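Asks: sequence first, predicted coordinates after that:
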Amino acid sequence: MHQRGQSTVEMALCLPILFLLVACALDVAQVALDQARLWHGAREAARVAAVDPDGLGIRRAVREAGVEGARIMVAPDTAYRVQGEPVTVVLRRRGSARVPLMRPLLANLTLQARATFRIEQP
């Protein structure tokens, strides 16, 4: 009976594959978390833009929502905002991967979130 170490060898062969699958799943979960942060940041920035035309307040709201490295677009521009009309904030950010196997899959991924609020201040 020469099968005493067979399960150990099988485990040693399968364990790296299992770790790689778990790491890939964690990368996908990180992308989902980044998207949720973008949605939250866009909502917070649109809320601030609706009551305060200051661009610094909008940037601060995005940063406090935990969003790093996002491009912020606000429409309409401060000079064209009218009370009662909508203001829209769009955040865009490149996706990122920590596992080398996932980098080619996520290299062209752009995450985007959009939020619109009605302007409250003239």
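Replies: Sure, I can see it. Numbering: from 1, shown residues only.
Asks: so which residue is dead centre in this structure?
Replies: Centrality entry for the chain: nearest residue to the mean C-alpha point is Asp34, 2.5 Å, by Cα atoms, centre = their mean.
Asks: what packs against whichever helix in the chain runs longest?
Replies: Counting by DSSP state H, the longest helix found in the chain is helix 6-51. Helices and strands touching helix 6-51, by 3 or more Cβ pairs under 8 Å, 6 or more residues apart in numbering; DSSP states H and E, are helix 55-64, strand 71-75, strand 86-94, strand 110-118. Any C-beta I mention is one placed from the backbone N, CA and C, and that applies to glycine too.
Asks: still on that earlier bit, ok, the closest residue to the residue nearest to the centre of the chain other than its chain neighbours - contacts?
Replies: Nearest non-adjacent residue to Asp34, counting by Cβ to Cβ, 6 or more residues apart in numbering: Leu111, 5.8 Å away. Leu111 makes contact with Val31, Asp34, Gln35, Leu38, Arg92, Arg93, Arg94, Gly95, according to Cβ atoms under 8 Å, 6 or more residues apart in numbering.
Asks: likewise Leu106?
Replies: Asp27, Val31, Gly95, Ser96, Ala97.
Asks: could you export those to CSV, including columns for pLDDT, distance to Ala49 and neighbour count?
Replies: CSV is the format used below for those (pLDDT from 0 to 100; distance: Cβ to Cβ, whole Å; neighbours: other Cβ atoms under 10 Å):
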residue, pLDDT, distance to Ala49, neighbour count
Asp27, 85, 32, 20
Val31, 87, 26, 16
Gly95, 79, 25, 18
Ser96, 77, 27, 16
Ala97, 74, 32, 19
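Asks: alright, that wraps it up for me.
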